[in-house]
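1. Predicted coordinates and the sequence they were generated for:
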Amino acid sequence: QKVFEVTKTARKHFDLIKAIHNAIRISTLTWTFRHVKGHQDDELEYEELDIWGKLNVWADHHAKVKMDELLDPNNPLKHTTRISSEAITILWQHPRELTQVKIGSKLKSTLTKLIHGDTIR
């Protein structure tokens, strides 16, 4: 008997959270977690940060670069890129345009806005 996990789609970035959970679940590695305070470089010089703070700054930078790339209006994959280990991708096809928008946060309220909002009128 197959057991299915429930994905809480009302939260922000449910697609990313689920992809991370899937990657951890199928990994052969043993994972441990550590909380790292964000934006430490707002208070300290980069050289003063420990390795965890420096890695957090590195990750923030690369996440912003990727986000800018995906949000670039000239990018044909704008808003439709799948995340590695993502079990399902939910896309909204605009009824009068050829554009698709990936829904990764607050599924019900986002769909409601798209269906009933000004974007399709």
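-> Yep, that arrived. Since the structure is predicted, the reported quantities are computational estimates derived from the model, not experimental observations.
2. On the three-state scheme, residue 44 is what?
-> coil (DSSP: H, G, I helix; E, B strand; the rest coil).
3. Helix or strand: which one has the residue nearest to it when sequence neighbours are not counted?
-> Spatial nearest neighbour of residue 44, excluding adjacent residues (C-beta to C-beta, 6 or more residues apart in numbering): residue 53 at 7.5 Å. C-betas here are computed from N, CA, C, even on glycine. Using DSSP states H and E, residue 53 sits within helix 51-71.
4. Quick one: the helices in this protein, in order.
-> Assigned by DSSP state H, the helices in the chain fall at 14-26, 51-71, 107-116.
5. Quick one: closest of those helices to residue 94.
-> Nearest to residue 94 among the helices of the chain is helix 107-116 (8.3 Å), distances taken as C-beta to C-beta.
6. Tell me how far residue 66 lies from residue 58.
-> Going from residue 66 to residue 58 by C-beta to C-beta, to the nearest Å gives 13 Å.
7. which residues sit in contact with the residue positioned nearest the centre of the chain?
-> Taking C-alpha atoms, centre = their mean, the centroid of the chain lies closest to residue 16, which sits 4.0 Å from it. Contact partners of residue 16, counting by C-beta atoms under 8 Å, 6 or more residues apart in numbering, are 83, 104.
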